[in-house]
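Colleague: Next one to model:
(2 chains)
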Amino acid sequence: MHLLTLLGEYISMAWHALKAHKLRSVLTTLGIFIGVTTIITIFTTIQGLNEYVIGQLSNIGSSTVYVEKFPWVIQGDFWKFRNRKEVTWNEYEKLVEFSKEADFIAPQVFSMKVVKYKNEKYDRVFVMGTNEQYKDTDNVNPEEGRFFTELDIQRNHPVCVLGPELANNLFKNENPMGKRITIGDRKYRVVGILEKKGTMFGQSWDNYAIVPIGTFRRVFGGHRGLRIAMNVKDVSRLEYLKDETKGLLRRIRKIAPQDEDDFAINQQDQLTELYRQLTGVLYMIVFVIGSMSLVVGGIGIMNIMLVSVTERTKEIGIRKAIGAKRKNILSQFLIESIAIASVGGFLGVAFGFAGGNLVLSQMDLSTGVSMQSILIGFGFSTFVGIVAGFYPAWKGAKMNPIDSLHFE
Amino acid sequence: MLIEIKDIKKIYKLGEVEVPALNGVNLDIDKNEYIAIMGPSGSGKSTMMNIIGCLDVPTEGSYFLNNKDVSKLSDDELATIRNKEIGFVFQTFNLLPRADALHNVELPMIYSGKSRTIRRSMAENALERVGLSDRIHHKPNELSGGQRQRVAIARALVNNPSIILADEPTGNLDSKTGEEIMEVFEQLHNAGNTIILITHEEYIANHSNRTVRLLDGLIQDDKKN
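Modeller: Take a look at the predicted model:
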């Protein structure tokens, strides 16, 4: 009770002291304001980006790895990777034969082809050849119709499954199911349309056609490099799958123990990790810049608090004469210092959110206010208030009551 | 006995030089006395007031206030004693300029931890006793000198202290207002308060019932009026 009474009193004293020197208080808190605004603006922006990027990356299943020629994140000499061998059909068959960890394996091969239906014609449509297990490795579901069956794959049926965007483009007012479209120079029957996946980094994931891989290889050539998607049902087995696959491929390719892999086993993690590294660096930079302006702001506050304590020497004397202890005076000035810093912190948080969300809305990303940033903003400013105010407050607290009463 | 001062010495050190301010003072003061401490500048009367007021401690000797030895207390312990036992009235009023009369009077109770409602009613009561009920929300610069000193007296008596210690309370007032203030002290004395006046003016000291004269850090004279 006593403490609360005092705290209320200190806050009201601080408020009156700040009000008595409005301009001075505002100028003093400017450093903190700028520091906190910077930090919160960039934090808010990064967090908005995070939500977007992580959301986008989750389109790539986390329990699937992709065996490819190139790694997704290239570090070092690009030419080293260029000279690698393509992943071959033979290697795919060997992996199917020997892999015990993989629950689903889908070989994938791509090309850009002309796609036609009646008068609708699109050049350079993304066409993929794969098997029936693609549904599981890449987590796609037919919205209408069905995905490939094992029989489609074994017999190389001339069928196709379309992404919803391509289906809409080709079939303006018709039901696509069962219709025959032309891919390249052959006809394929539409057996299914996939669910919408949306865009990833501005690129549509819905504008493509899928045909059985055998058909693809026979029609468009079997020499193309593959990508092999391998999936485990139980995510905790993913590392075993990676190890096994690596071992198998090294044996298949007869890589000597001292030599590096000449293939890449890619997974979503790599991209997430890369993104985290990038934003980690960004966070550090913001933290450093923000901290510097907070230090400058803190020096300003300390300076003004020293002035304030000296100016109010007589007040300190009066308070001590009528019974204020050291801790009372210390708390009074410390709270005043925290109050100055907090005003800057509060405005900084408000402007930071406004700024960050403005950036996000300009980028068409979803805006938001995070509790974390609010805590960081207020935490920082309070901390600066305490550190900057402590010495001046202590100086006031240990003043001698007799001398300070006679100070003019 | 309210105050028992035994053989008090106070020596200030200015670098290497030792300057004695009190050279062995003995003084007893009873409850409900009205006593004036007089003396010219340099007589040690300010030092005397600082020690009686627990703003300072003696170099030697002992000071019992309400049978408690207060001559060897720390800063913070002295602050507590000042808060509970002593009400100061200064020549220059020493009010907080930004606070209104009510808040100034509430101040000692803030440090003794009284709740807002109790503070408010006690402060209003004290201001009523000094005749300022109609000025409670005025700030010091909106009050006359006499009114300011009344606020200071209200502040001094609000925590119900053992001693009201007044240091030249009329020094900054014209003689008519000064007389009015002395009347307030008279009333407080009649109501049972113990009052110690520090002054160098005979006509002010004459209001008291006992006059102690200091010279060169010693009591020269102590007699009932």
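Colleague: where does the residue in the stretch 201-350 of chain A positioned nearest to chain B land in three-state SS?
Modeller: Residue of the stretch 201-350 of chain A nearest chain B, by C-beta to the nearest C-beta: residue A:323 (2.4 Å). Just so you know, the C-beta spots here come from the backbone N, C-alpha and C atoms, and that holds for glycine as well. When classified by DSSP: H, G, I helix; E, B strand; the rest coil, residue A:323 comes out as coil.
Colleague: Can you read off the backbone torsions of the residue nearest to residue B:53 when sequence neighbours are not counted?
Modeller: Once flanking residues are discounted, residue B:53 sits nearest to residue B:165: 4.9 Å by C-beta to C-beta, 6 or more residues apart in numbering or on different chains. Reported as degrees, to the nearest 10, the phi and psi values for residue B:165 are phi -110, psi 110.
Colleague: One more: residue B:196?
Modeller: Dihedral pair for residue B:196: phi -120, psi 120, per degrees, to the nearest 10.
Colleague: what about it, distance to residue B:190?
Modeller: Relative to residue B:190, residue B:196 is positioned 16 Å away (C-beta to C-beta, to the nearest Å).
Colleague: Bridged to the residue most central in space within chain B, which residues?
Modeller: Per C-alpha atoms, centre = their mean, the C-alpha nearest to the average position across chain B is that of residue B:165, at 1.5 Å. Listed by DSSP bridges, the beta-bridge partners for residue B:165 are residue B:88, residue B:196.
Colleague: Can you give me the neighbour number for residue 135?
Modeller: By default, I'm working from chain A. Burial of residue A:135 is recorded as 21 neighbouring residues (other C-beta atoms under 10 Å in any protein chain shown).
Colleague: ah, I was thinking of chain B
Modeller: With other C-beta under 10 Å as criterion, residue B:135 counts 19.
Colleague: Assess the claim that it and residue B:144 are in contact.
Modeller: No - using C-beta atoms under 8 Å, residue B:135 is not in contact with residue B:144; the gap is 9.7 Å.
Colleague: Now do the contacts for the residue nearest to the centre of chain B.
Modeller: Neighbouring residues of residue B:165 by C-beta atoms under 8 Å, 6 or more residues apart in numbering or on different chains: B:49, B:52-53, B:86-89, B:156, B:196, B:198.
Colleague: May I see the residues you listed arranged in CSV, with distance to residue A:48 as well?
Modeller: Shown next, in CSV, are these (distance: C-beta to C-beta, whole Å):
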residue, distance to residue A:48
B:49, 67
B:52, 68
B:53, 63
B:86, 62
B:87, 62
B:88, 60
B:89, 64
B:156, 61
B:196, 70
B:198, 70
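Colleague: just the residues you listed now: which is nearest residue B:33?
Modeller: Nearest to residue B:33 out of the contacts of residue B:165 is residue B:196 (C-beta to C-beta; 8.1 Å).
Colleague: and that closest one, what is it in contact with?
Modeller: Each residue near residue B:196 by C-beta under 8 Å, 6+ apart is listed here: B:29, B:35-37, B:49, B:52, B:163-166.
Colleague: Can you work out which residues contact both of residue B:135 and residue B:144?
Modeller: Looking at what touches both residue B:135 and residue B:144 (by C-beta under 8 Å, 6+ apart), there is no common residue.
Colleague: Excluding chain neighbours, give the residue nearest to the closest residue to chain A within chain B in space.
Modeller: Per C-beta to the nearest C-beta, residue B:83 is where chain B lies closest to chain A, at 2.4 Å. Excluding the flanking residues, the one nearest residue B:83 by C-beta to C-beta, 6+ apart is residue A:323, at 2.4 Å.
Colleague: Run through the residues of chain B sitting next to chain A.
Modeller: Chain B comes close to chain A at residues B:50, B:53, B:55-56, B:75-76, B:79-80, B:82-84, B:88, B:90, B:94-96, B:98-99, B:107-108, B:110-116, B:155, B:159, as judged by C-beta under 8 Å from any C-beta of the partner chain.
Colleague: among these, which ones are buried?
Modeller: With burial judged by 16 or more other C-beta atoms under 10 Å in any protein chain shown, the buried subset of the residues of chain B next to chain A is B:50, B:53, B:55-56, B:79-80, B:82-84, B:88, B:90, B:94-96, B:98-99, B:107-108, B:110-111, B:114, B:155, B:159.
Colleague: Kindly provide the distance from the residue nearest to the spatial centre of chain A to chain B.
Modeller: Per C-alpha atoms, centre = their mean, the C-alpha nearest to the average position across chain A is that of residue A:50, at 2.3 Å. Distance, residue A:50 to chain B, by C-beta to the nearest C-beta, to the nearest Å: 47 Å.
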